[in-house]
Each structure stands twice: as structure tokens, then as C-alpha cells.
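Trainee: Fold the following.
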Amino acid sequence: MVATAVETSKLTDRYQTTVPSGVRKQLNLKKGDRLRYSISDDGRVFIEVDRDTGDDPALGAFLDLLETDIRTNPGHLRAFDGGLKDRLASLVGDVEVDLDAPLSPDDE
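Mentor: Below is the predicted model:
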């Protein structure tokens with residue numbers, strides 16, 4: 001990656017710094033955002049926005065796969081019809097699920 005701009009900042013007595021405005025704009029930083037620092041073996045420091053929200057990485061990979069497939073094969077998309085909805089409902093019957101309830105130790 002080639003740097004398009006060079007910005008500097010100064011450390012305070014408490015080792016704090018202000019992210020330069022050009023960097024904030026380039027990374028679209030907002031107050032409260034988290035930054036991730038990576039240091040390579042040669043001493044270079046890479047800063048990126050830490051947008052990790054704790055989501056399941058498998059779900060993210062699956063959604064990326066779906067997005068790629070939809071972009072590549074838009075003709076494969078089909079609307080849900082009433083029959084599919086009824087078939088799905090028959091699979092779960094009258095089972096109530098509380099998605100906010102914690103998992104039991106056996107489910108984790």
C-alpha cells in the first residue's frame with residue numbers, strides 16, 4: 001500500500017495524541033470509535049478502524065459468500081412464496097423462541 005499523505009501528531013505527557021484531521025477524514029472516524037494498531041517486524045505501525053462488533057466470523061464469511069453469489073448470479077434470486085413460508089412454519093410448529101434468553105451450559 002502506498003501512503004497518499006503524511007500526517008504527524010505529538011504525544012502528551014500522558015502518552016496521548018490527537019488523530020490528525022486528515023486521518024480522521026480518510027478513515028471516517030467518529031467520536032468513540034476504536035483503533036487497532038499493528039506493528040510489523042520492521043517497526044512500521046499500521047492503524048485501522050476496529051469495527052469488530054463481536055459478530056460471529058462464520059456468519060460474516062457466510063454473508064460475504066451470499067453477497068458475492070448475488071452479485072455474480074442475480075438471476076438466481078427468487079421471491080419467497082406462501083408455500084415456503086408455510087413449510088418453514090410447519091418445521092417449528094408452535095415452538096416459542098426467546099432470542100434474548102441466555103444459552104444453557106449444554107447449548108454453549
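Trainee: Going by C-alpha atoms from here, please, whenever you check contacts or count neighbours.
Mentor: Noted.
Trainee: Quick one: the strands in this protein, in order.
Mentor: Defined through DSSP state E, the strands belonging to the chain, from first to last, are 35-39, 45-49.
Trainee: max-length helix in this structure?
Mentor: When the chain is scanned for its longest helix (criterion: DSSP state H), the result is helix 57-72.
Trainee: pull the CA atoms of that helix into PDB?
Mentor: As requested, the backbone C-alpha atoms of helix 57-72 are provided in PDB (Å, rounded to 0.1, in the frame of the first residue of the first chain):
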ATOM      1  CA  PRO A  57     -16.800 -14.500  12.000                       C
ATOM      2  CA  ALA A  58     -18.500 -17.500  10.300                       C
ATOM      3  CA  LEU A  59     -21.700 -15.500   9.800                       C
ATOM      4  CA  GLY A  60     -19.700 -12.700   8.300                       C
ATOM      5  CA  ALA A  61     -18.000 -15.100   5.900                       C
ATOM      6  CA  PHE A  62     -21.300 -16.600   5.000                       C
ATOM      7  CA  LEU A  63     -22.900 -13.200   4.300                       C
ATOM      8  CA  ASP A  64     -19.900 -12.300   2.200                       C
ATOM      9  CA  LEU A  65     -20.400 -15.500   0.200                       C
ATOM     10  CA  LEU A  66     -24.100 -14.700  -0.300                       C
ATOM     11  CA  GLU A  67     -23.200 -11.100  -1.400                       C
ATOM     12  CA  THR A  68     -20.700 -12.400  -3.900                       C
ATOM     13  CA  ASP A  69     -23.200 -15.000  -5.200                       C
ATOM     14  CA  ILE A  70     -26.000 -12.500  -5.500                       C
ATOM     15  CA  ARG A  71     -23.700 -10.100  -7.400                       C
ATOM     16  CA  THR A  72     -22.400 -12.800  -9.700                       C
END
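Trainee: what does it rub up against?
Mentor: Identification of contacts with helix 57-72 by CA atoms under 8 Å, 6 or more residues apart in numbering yields 76-77.
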